[in-house]
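Enquirer: how would this look folded up:
(one chain, ligands or ions: 2)
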Amino acid sequence: ERDLLKSLPLRGKKILITAGPTYEAIDPVRFIGNHSSGKMGYAIAEASADLGAEVVLVSGPVALHTEHSLIKTVRVTSAHEMYDAVHQYFNECNIAILSAAVADFRPVEVADQKIKKKEDTLVLKLEKTQDILASLGAIKKKQYLVGFALETENELENAKTKLKKKNLDLIVLNSLNDPGAGFKTNTNKVTLITKGNKVLPFQVKSKKKVAIDILEHIIQELHA
Ligand code: CTP
Ligand code: CA
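Expert: Ligands and ions are numbered 1, 2, ... in the order given. Okay, the predicted model is just below:
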């Protein structure tokens with residue numbers, strides 16, 4: 001770990017990272033969101049910058065912020081805004097790591113006034129958001145593309161399917177079943193799955209250390 005820091009192995013690399021949740025508006029005061037804290041994505045951004053990379057961090061609404069001089073933070077709210085921001089920076093990046101918990105669905109219509117509780121039931125019609133990661137997999141050239149998979153069942157199988165379907169180089173499987181893993185915690189337990197279907201399980205550790213494990217693996221593969 002200390003040797004890596006000294007040699008700045010990511011100097012000259014541009015890394016695009018997404019973090020946090022997205023909020024999809026229902027009306028002017030309400031949204032559909034999720035419990036993502038952004039901690040994993042921010043930890044990857046800071047570890048990347050510590051290793052010398054120039055980082056663009058596209059962040060959904062989170063309580064975190066970073067002051068690192070090598071990190072440019074672009075704040076977005078919705079999946080659509082995140083899609084636009086990511087596509088603005090993807091062409092020029094060398095590595096993209098998409099750790100955001102993007103909403104899969106958004107309301108078809110956003111009410112322009114606050115919805116009143118006049119009825120006993122309310123039905124919201126939702127439509128799929130764009131899959132940002134898959135859209136990058138479809139256009140990538142030399143970029144090394146990393147996705148996350150949050151699974152609660154058939155974890156390895158589902159993660160492998162995502163890796164293939166989205167044309168990724170690496171997928172980081174996050175199991176919500178594992179104690180010590182999850183949205184709000186400072187620790188995480190991940191399994192890396194490579195394009196060549198190598199499965200690399202890691203111990204529960206701080207999100208900072210998980211970030212370094214992920215980056216070390218990427219650095220190894222880029223040098224191989
Ligand atoms: N992702 C994305 N854009 C979306 C949805 C997901 O970029 N609209 C990315 C996430 O950032 C993550 C990966 O896709 O890197 C996998 O997200 P996940 O929610 O685990 O899988 P989905 O493909 O959305 O499938 P499902 O939720 O049905 O399991
Ligand atoms: Ca999803």
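
Enquirer: low pLDDT regions in the chain?
Expert: For the chain, applying pLDDT under 70 flags the ranges 1-6.

Enquirer: Strands of that one, residue ranges please.
Expert: Assigned by DSSP state E, the chain shows strands spanning 14-19, 24-27, 30-32, 54-59, 71-75, 95-98, 105-107, 126-128, 144-151, 170-175, 187-188, 190-194, 199-201, 205-206.

Enquirer: Adjacent strands (with direction) for the fifth one?
Expert: Meaning strand 71-75. strand 54-59 (parallel) (DSSP bridges).

Enquirer: Identify the residues contacting the partner strand?
Expert: 13-20, 38, 41-42, 45, 48-49, 66, 68, 70-76, 82, 85-86, 89, 93, 100 (Cβ atoms under 8 Å, 6 or more residues apart in numbering). C-beta here means a position set from N, CA and C on the backbone, and glycine is covered the same way.

Enquirer: thinking residue 115 is in contact with residue 25, fair?
Expert: No: the criterion here is Cβ atoms under 8 Å, and residue 115 misses it with residue 25 at 11.3 Å.

Enquirer: Just the CA trace of stretch 209-221, in PDB.
Expert: Taking C-alpha atoms only, stretch 209-221 is exported to PDB below (Å, rounded to 0.1, in the frame of the first residue of the first chain):
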ATOM      1  CA  LYS A 209      -9.100  -0.400   1.800                       C
ATOM      2  CA  VAL A 210     -11.700  -1.900  -0.500                       C
ATOM      3  CA  ALA A 211     -11.000   1.000  -2.900                       C
ATOM      4  CA  ILE A 212      -7.300   0.300  -2.800                       C
ATOM      5  CA  ASP A 213      -7.900  -3.400  -3.500                       C
ATOM      6  CA  ILE A 214     -10.000  -2.500  -6.600                       C
ATOM      7  CA  LEU A 215      -7.500   0.000  -7.900                       C
ATOM      8  CA  GLU A 216      -4.600  -2.400  -7.300                       C
ATOM      9  CA  HIS A 217      -6.400  -5.000  -9.300                       C
ATOM     10  CA  ILE A 218      -7.000  -2.500 -12.200                       C
ATOM     11  CA  ILE A 219      -3.400  -1.400 -12.100                       C
ATOM     12  CA  GLN A 220      -2.200  -5.000 -12.300                       C
ATOM     13  CA  GLU A 221      -4.400  -5.700 -15.300                       C
END
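
Enquirer: In that stretch, which residues are buried?
Expert: 209-215, 217-219 (16 or more other Cβ atoms under 10 Å).
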